[in-house]
Structures are given as structure tokens and as C-alpha cells.
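Q: following is a predicted model, sequence given first.
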Amino acid sequence: MKIRSLILTFLLLSQFADSQLRKQREFSPAEQVLMRQMAQIQKAALESDAAYRWLAHFCNNIGPRLTGSPQADFAVLYGQAELRKLGLKIVTHKMLVPHWVRGAETARLVEWPGMTPGTSQKLLVTALGGSVATPQEGITADVVVVDSIADMKALGAEKVRGKIVIFNNFFDKAMARSGHAFEAYGKAVQVRGRGASEAARLGAVATLIRSVGSAEFRVPHTGGLIYAKDVPQIPAGALTHEDVSTIVDLAQQGRVRLHLTLTPQTLPDVESSNLIADIPGTEHPEEIVIISGHIDSWDLGTGALDDGAGVVAAMQIAETLKWLGLKPKRTIRIVGWMNEENGGRGAKAYATDFASLMGDHIAAIEMDSGAGHALGFQLRVAEKSMDLFAPVTTVLDAQGAGLLQRTDGSPGADIGDLDELGVPTIGMWNDGRDYFHYHHTPADTFDKVDKRNLQENAAAMAALAWYLANMEGRPQQK
């Protein structure tokens, strides 16, 4: 009976979603023209390997692109060169960005119940982005294991002072498998951002978290932390899922001591730039539709999923429109944002430097949710504007990317600043069930990207951008 009830509920919800997202209505002659053009663009993008070739070069030839590194700046130059070949106008936009450099990373258990005398156990560790360093010789201290920040606070300073805090935080894999990977990540990642400062308030000498990821490959996941201004900064890293599980078991048996060495450096800010190139509009060149991803990546892998795929999917529209001989009425602006991973400086600088032109920004699209199958888009637009996207849904249904979901917050990190200025923002909606297996790890490499999925993402992004650049009227955010 329960199963039958769940099936009935699912069918009712599906019917409701169809009624909300796939409203059947008559399309105007202008919309029908745009739909035929979108279908052309979709077909051409699905048959092109340009995005895949560009991604291979970003990942394999240029490599990791951490902000401030030579590779990050060289990636911008490479993207500019490729888009210049396609006849695009390059827009120079520079800003100062953070320059954090990873150093040595080692961790070993040096004392635990039942240990073999004279031995130690190696742990796999990585520093969290922005972490301060331990002394060169490292830190040796007892560990204290907690499940959450609240549990640590309940222990009090007496039990935390002078210790290395191990956060036994869990990523909800069942939630991720059910299609809510990003919600699972949002819950698990909070300790990564705040844990070190909260532990420092209680006198801890360092913190290590269970890596925020959805698989157990004994691979550590990095990611940025945020230090509070009113407490000392202490070293912070991430251990693999397996190593934290080992420590949890040993700590239940008795005293555990750990030696940790992390030697990252925060160097002075350096100048860098966003990758920006325009396909000028023929009728309203002053009006802009942004299609984007972020060009920087963490330094452990080569940033294929996060977010090289988003950048090349955005770039694909340039090759597609040139091949088809199509020119938009409004300007389509391709953006590879710099510094999404550890500061968001590129997006902030754009919102500041182009603030007076925000009224001319029709919408901003971003792909930063991996390179899984394209499901559709999440839109930060007014309810009354949703019906405007019916032509997009109809065309993209052919490739299984016709879902539209309205959100109350910006669906992308880099376009969030534009959202705050009133620009309608749209995020690519990907199947993310496997995304956090590799996210922020050494395994985020080119081989993890399926060529067909990337083509589908590029096709969906291009079709939507074309529609926004040529539609009658414009969507409203509120």
C-alpha cells in the first residue's frame, strides 16, 4: 500500500511539474523562427567536438589553474586566442586576485591503542584553500573527534585546548544518489568553512575534516575555508574518508596522537583577468547576454569538471554561430570567470566595474555543476517570466534537457553578484549524482568528462543564449 501511495504521489508531482514547466500554448511567428534557429544551433553543437578539444588543452596541456598561478593566466590567453580566431571581440578586464600556494602536506598517526612499537601510520591529507601553515617541523598533538561544530562547543575549551580537532562530518550519499547532490554538499561543507575558526576559539592547534565527497576512493578533497577575524588562524586540512574512519575507531579505544605538517603560503595579491569575448549584437549591441563558467580551478587535479567544462561549453556558441552564419540581435558575451574557487574576485570586479551597465544585461547564464547529463536550467526570474521560456523547453526536450526550475536565489556562484544587481540569472542543471566523487580532488581530470554529455551541455547553453539574445521583450528577475 505504501509503495502504491508513493507511486501515485510521484505521478501527481510529475503532472504538476509538467503543467508548470511545459505549458502548452500557441507560439508566435517570431518564436517559431527562433525555435527553428535554436534547433539548428542544437544540432550543430551536438555534432561539434570543439568544446571537447578545448577542454583537453585546458586540462592536459595547461593543467591546474589555481588563481595567481602562471597556468591560470595562460588559460585566459589560450581562450582569448581561440575566440579571436572565431572573430570575437576580446574585452580586457583585469583585477587583483589572491595568491595562495600549496606546500608540503603530510600526516601520520604516531600513537594509538594497540600499535606495533616503533611504527606509525601514514594518512592522506590536503590543506584547505587559504589555510595557514604549521611550523616547518609540523605539529604533534592529541586528537579529539567531534561530529559537528555544535558537538565540539559542547565539549568546551578544557577538552579541546592544545589538540587537533578531527571533524567526523558526513556527506549524505543517499541524498546525492536521489538527485540532490548539491543539497548534500551544502550541508556537509559548512564545517569546512567555519570549523577551523570555531575550533580556534576553544584553543585547538589545528583541524582536519572528513573530505566532503560522495565516494570512498581514499582521495582527499580540498576547498576554501573562511577565517573569522576575531580569533587566531590555525592550520586546517582534509583527510580521506577512510582515514577519518580509522581515527574514529581508534579514538574510541583510547589516546590517539597525530603529527601534521602543512606548509602553504599566502603571497601578495597579483593581477589577473577574466576571459571575456563578445559576439556583437546587430540591432542592440549595448544589450548583453552572458554565457559563462569559471576558468580557475583547484591545484590538485586539472579542473575538468570544476569548471573547465563550463568554460568550453560557453565558448562553443562562438564556433556554432560562425559555422551556421548566424548573428544575434543582442551581444552574446562569453565569460570565463577568474577566482571562483578562493575569493570570487573576478565576479565581484565585473559587478563593480560594469555596474552602470547592469540595466543592459538581459540575463547571465553559468555552468558550474559538473559535466553530467544536461537536465535543463534553474532560473532566478519572476514567476510571470517563466512562460517566456516555453520555446526553449520545447526545443531542448529533444535531447532530454527541457526541465526548467524557478529558484529564489542565484543558481551560480559567479553570477550571484549580478543577481544582487537585479540581473536575471540562470544556472545549468546537470545530473550531479557522481560529481562529488571527483570535485576538488586530484581525480578531477579530463578523462572524467563524457564527450556526449559535454556536447549536450554546450548545445543547451548555446540554444538558450541565442533565444535570450533574440527574443522579443526580456525576462524580469522580480
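A: Received, thanks.
Q: who's sitting farthest from the centroid in the protein?
A: For the chain, the C-alpha farthest from the mean C-alpha position belongs to residue 117; by Cα atoms, centre = their mean, that distance is 44.9 Å.
Q: what kind of secondary structure is it in?
A: coil (DSSP: H, G, I helix; E, B strand; the rest coil).
Q: got the contact list for it?
A: By Cβ atoms under 8 Å, 6 or more residues apart in numbering, residue 117 lies in contact with nothing. The way it works is simple: take the backbone N, C-alpha and C, and place the C-beta from them, glycine included.
Q: next one: it from residue 249, what distance?
A: Residue 117 sits 20 Å away from residue 249, going by Cβ to Cβ, to the nearest Å.
Q: can you get me a residue count around residue 451?
A: Around residue 451 there are 12 other residues, counting by other Cβ atoms under 10 Å.
Q: hmm, I typed the wrong one, I wanted residue 281.
A: 19.
Q: thought residue 466 was touching it, still the case?
A: No. Assessed by Cβ atoms under 8 Å, residue 281 is found out of contact with residue 466, at 11.8 Å.
Q: overlap in contacts, those two.
A: Common neighbours of residue 281 and residue 466 (Cβ under 8 Å, 6+ apart) are 328, 332.
Q: residue 428 is in contact with residue 372, isn't it?
A: No. Counting by Cβ under 8 Å, residue 372 is not a contact partner of residue 428; they are 9.9 Å apart.
Q: which one's more surrounded, the two?
A: residue 428 (30 against 23).
Q: what is the helix or strand encompassing that one packed up against?
A: Using DSSP states H and E, the secondary-structure element containing residue 428 is strand 425-430. Helices and strands touching strand 425-430, by 3 or more Cβ pairs under 8 Å, 6 or more residues apart in numbering; DSSP states H and E, are strand 361-366, strand 374-380, helix 416-420, helix 451-470.
Q: so which of these is nearest residue 176?
A: strand 374-380 (15.0 Å; Cβ to Cβ).
Q: the strand holding residue 428 pairs with which strands, and in what direction?
A: strand 361-366 (parallel), strand 374-380 (antiparallel) (DSSP bridges).
Q: ok, now which ones touch the closest residue to residue 125 other than its chain neighbours?
A: Nearest residue to residue 125, sequence neighbours excluded (Cβ to Cβ, 6 or more residues apart in numbering): residue 107, at 4.0 Å. Counting by Cβ under 8 Å, 6+ apart, residue 107 touches 122-125, 208, 237, 239, 243, 258-261.
Q: ditto for residue 37
A: Here residue 37 is in contact with 326, 466, 470 (Cβ under 8 Å, 6+ apart).
Q: how much space separates the closest residue to the second one other than its chain neighbours from residue 201?
A: It stands for residue 466. Leaving aside its sequence neighbours, residue 466 sits nearest to residue 41 (Cβ to Cβ, 6+ apart; 5.5 Å). Distance, residue 41 to residue 201, using Cβ to Cβ: 54 Å.
Q: between the two, point out the one with more neighbours.
A: Remark: of residue 41 and residue 201, residue 41 carries more neighbours, 28 against 15, as counted by other Cβ under 10 Å.
Q: any idea how far residue 464 is from that one?
A: Taking Cβ to Cβ, one finds residue 41 at 10 Å from residue 464.
Q: which neighbours do the two have in common?
A: Common neighbours of residue 41 and residue 464 are not found (criterion: Cβ under 8 Å, 6+ apart).
Q: the nearest residue to residue 388 once chain neighbours are set aside: what secondary structure?
A: Leaving aside its sequence neighbours, residue 388 sits nearest to residue 475 (Cβ to Cβ, 6+ apart; 5.6 Å). Three-state assignment for residue 475 (three-state DSSP): coil.
Q: which ones are touching residue 475?
A: 362-363, 379, 381-382, 385, 388-389, 424, 468.
Q: quick one on the thing from earlier: list only buried entries from the contacts of residue 107.
A: With burial judged by 16 or more other Cβ atoms under 10 Å, the buried subset of the contacts of residue 107 is 123-125, 208, 237, 239, 243, 258-261.
Q: let's have those residues in TSV, adding distance to residue 165, secondary structure and pLDDT.
A: What follows is the buried ones among the contacts of residue 107, written out as TSV (distance: Cβ to Cβ, whole Å; DSSP: H, G, I helix; E, B strand; the rest coil; pLDDT from 0 to 100):
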residue	distance to residue 165	secondary structure	pLDDT
123	15	strand	98
124	18	coil	98
125	14	strand	98
208	7	strand	98
237	11	strand	98
239	12	strand	98
243	15	helix	98
258	11	strand	98
259	15	strand	98
260	11	strand	98
261	17	strand	98
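Q: which among those residues gets closest to residue 411?
A: residue 237 (30.3 Å).
Q: mind listing what's buried in stretch 92-108?
A: Along stretch 92-108, these residues count as buried under the neighbour rule (16+ other Cβ under 10 Å): 93, 95, 97-100, 102, 105, 107-108.
Q: same deal with stretch 177-187?
A: Neighbour-count burial for stretch 177-187 flags 180-182, 184-185 (criterion: 16+ other Cβ under 10 Å).
Q: which members of the residues you listed are positioned in helices?
A: 181-182, 184-185 (DSSP state H).
Q: find me the pLDDT at the closest residue to residue 403 other than its chain neighbours, would you?
A: Nearest non-adjacent residue to residue 403, counting by Cβ to Cβ, 6+ apart: residue 376, 3.1 Å away. pLDDT, residue 376: 97.
Q: residue 294 too?
A: For residue 294, pLDDT reads 98.
Q: list the contacts of the spatially most central residue of the chain.
A: Closest to where the C-alpha atoms of the chain average out (Cα atoms, centre = their mean) is residue 368, at 4.4 Å. When contacts are counted by Cβ under 8 Å, 6+ apart, residue 368 touches 293-294, 306-307, 310, 340, 412-414, 427-428.
Q: select only the buried ones of those in PyMOL?
A: Filtering the contacts of residue 368 down to the buried ones (16+ other Cβ under 10 Å) takes a single PyMOL command:
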select buried, resi 293+294+306+307+310+340+412+413+414+427+428
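Q: so which of the contacts of residue 368 would you say is closest to residue 400?
A: residue 428 (13.6 Å).
Q: who's in contact with residue 290?
A: 333, 335, 361, 363-366, 415, 418.
Q: list just the nearest of those residues to residue 460.
A: For the contacts of residue 290, the nearest to residue 460 is residue 365 (9.8 Å; Cβ to Cβ).
Q: so that closest one bridges to which residues?
A: residue 291, residue 426.
Q: do I have it right that it meets residue 463?
A: No. Residue 365 is beyond contact range of residue 463, at 10.9 Å (criterion: Cβ under 8 Å).
Q: what about the nearest residue to residue 358 once chain neighbours are set aside, how many neighbours?
A: Distance criterion Cβ to Cβ, 6+ apart; nearest residue to residue 358, sequence neighbours excluded, is residue 421 at 4.5 Å. Neighbours of residue 421 under the rule other Cβ under 10 Å: 15.
Q: and residue 45, by the same measure?
A: Using other Cβ under 10 Å, residue 45 has 28 neighbouring residues.
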